[in-house]
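In: Pasting the sequence and the predicted coordinates here, then a few questions.
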Amino acid sequence: MTDRLARQAELAERYLPDDLLERFRDRAAVYDRENRFFDEDLAELAERGYLHLFVPASHGGPGLSLDEVSQLQQRLAGAAPATALAINMHLMCTGVAKAMADRGDHSLDGVLTEAMAGEIFAFGISEPSNDWVMQDSTTAAVPQDDGGYLLRGVKIFTSLSPVWTRLITHGRDDSDPQNPTLIYGFLERDTPGIDVSDRWNVMGMRASQSRATILTDARMKPERVVRRIAPGRVPDLLTFAITSNFQLLIGSVYAGVAHRALELGAAGLRKRRSAKSGTTYAEVPESRTRLADAHLDYLAVPAQLQAYSRDFDELADHGARWPLLLVSARLNAATAARRCAETALMCTSGSGFDDDHELSRLYRDATAGLFHPPSADAARPMFAAALLDD
């Protein structure tokens, strides 16, 4: 355990030292207020090699584990949640490539090479009203004679919209109605038929600039096609690697938000004084209990993220239980973030309600956790079926 903590401290100092995080925290308020992308944060992260975290030594990177990257993302999110959420999408793509290579599948090694060359990857899977998410697609994939596809559809919440150069995406090939196929692959930013919406005026996570991407006969080159999978619940290493990295890294962001909210809530109680008791609110039993309950909710979250990340790194075989574990970790983290942010607002009282207060932004950022797939409503049948269905 001591070695692990020392390693965490080493990585934190190398990639996210305290002075860097303070700059990020100061800029987060500006990005949110001006509704603009985190260009300066991205430049500093790139300079420190943060975009290469998952890239293994064989490709020139540090080859960090999912557990190590999760810890760093929690730290980054405590300062700049929107920056952490958006950079997740690039890290997820490189993490998927590393995870597949670790399991003997090198079909995505090109992602690692391109990441080291400076390409920025984004995630273009979510679609309007598609609650199947990765198991189906409303985007049409029209096959071409050379083995490529023309994609027609809309992808929503495409983080890193102003800067991505590579987009992992999918579509459905219905050219054989009896045997539809899901196509997974990558698009290059300069491909004709890609239009990035200029609409992004949302409640929270504003700096992520997660705009919609409209595909109008955007050509996926044959060499960019990485998987052809039947729709539905079909086990595949690619979708497993995507789900694992997505759920655990998203959960890491909300764990960081929850932790920071608790810090601000505690500071609020120490600062405020009660006229009735003559003490700070930090000594008022009701206030202490409220903060204690939120802290209790939070403590299970990083433990769950750590356990499942380490299992993933160590190639543990949880079989059909993996989706339950992964989705529960992300849902619990997002719930804790909202609970902790709300509690912290109550601890700071009216000052936290001011739009310039960090907690006001954290509370809004935490609400974005309601919208990552699958939602709690969509996931509940899966958890019930695990216990009730034969």
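Out: Noted; the coordinates are in hand.
In: only C-alpha atoms for contact and neighbour calcs from this point on.
Out: Noted.
In: Not counting its neighbours along the chain, what's nearest the residue minimising distance to the centre of the chain?
Out: Geometric centre of the chain, nearest residue: residue 250, 3.1 Å, by C-alpha atoms, centre = their mean. Sequence neighbours aside, residue 330 is the residue nearest to residue 250 in space, at 6.4 Å (criterion: C-alpha to C-alpha, 6 or more residues apart in numbering).
In: Let me know the distance separating the one you found from residue 73.
Out: 14 Å (C-alpha to C-alpha, to the nearest Å).
In: on that earlier part again, surely the residue nearest to the centre of the chain touches residue 329?
Out: No: counting by C-alpha atoms under 8 Å, residue 250 does not reach residue 329; the two are 9.3 Å apart.
In: Report the contact partners of the residue nearest to the centre of the chain.
Out: Neighbouring residues of residue 250 by C-alpha atoms under 8 Å, 6 or more residues apart in numbering: 85, 88, 330.
In: Run a quick check on the second one versus residue 248, I expect a contact.
Out: No: applying C-alpha under 8 Å, one finds residue 88 not in contact with residue 248, separated by 10.1 Å.
In: next structured bit after the longest helix along the chain?
Out: Ranked by number of residues, the top helix in the chain under DSSP state H is helix 237-271. The helix or strand immediately downstream of helix 237-271 is helix 285-313, counting by DSSP states H and E.
In: now the strands for the stretch 101-250 of the chain?
Out: Under the criterion DSSP state E, counting those that start in this stretch, the stretch 101-250 of the chain contains strands at 121-124, 140-143, 149-158, 166-173, 181-188, 194-196, 211-220, 225-229.
In: for the ones you listed, which one ends up most surrounded?
Out: strand 121-124 (a mean of 27; mean count of other C-alpha atoms under 10 Å).
In: residues in contact with that one?
Out: Counting by C-alpha under 8 Å, 6+ apart, strand 121-124 makes contact with 89-91, 93, 115, 155-161, 164-170, 213, all of which sit outside it.
In: What separation is there between residue 380 and residue 321?
Out: Residue 380 sits at a distance of 14 Å from residue 321 (criterion: C-alpha to C-alpha).
In: nope, residue 35 is what I meant
Out: 40 Å.
In: which one of the two has more residues nearby?
Out: Neighbour totals were compared for residue 35 and residue 321, and residue 35 leads with 18 against 11 (other C-alpha atoms under 10 Å).
In: what's around the closest residue to that one other than its chain neighbours, how many residues?
Out: Of all residues not flanking residue 35 in the chain, residue 206 sits nearest, at 5.6 Å (C-alpha to C-alpha, 6+ apart). Counted with other C-alpha under 10 Å, the burial measure for residue 206 works out to 26 neighbours.
In: Would you check that residue 206 makes contact with residue 30?
Out: No: here residue 206 does not reach residue 30: they are 10.5 Å apart, not a contact under C-alpha under 8 Å.
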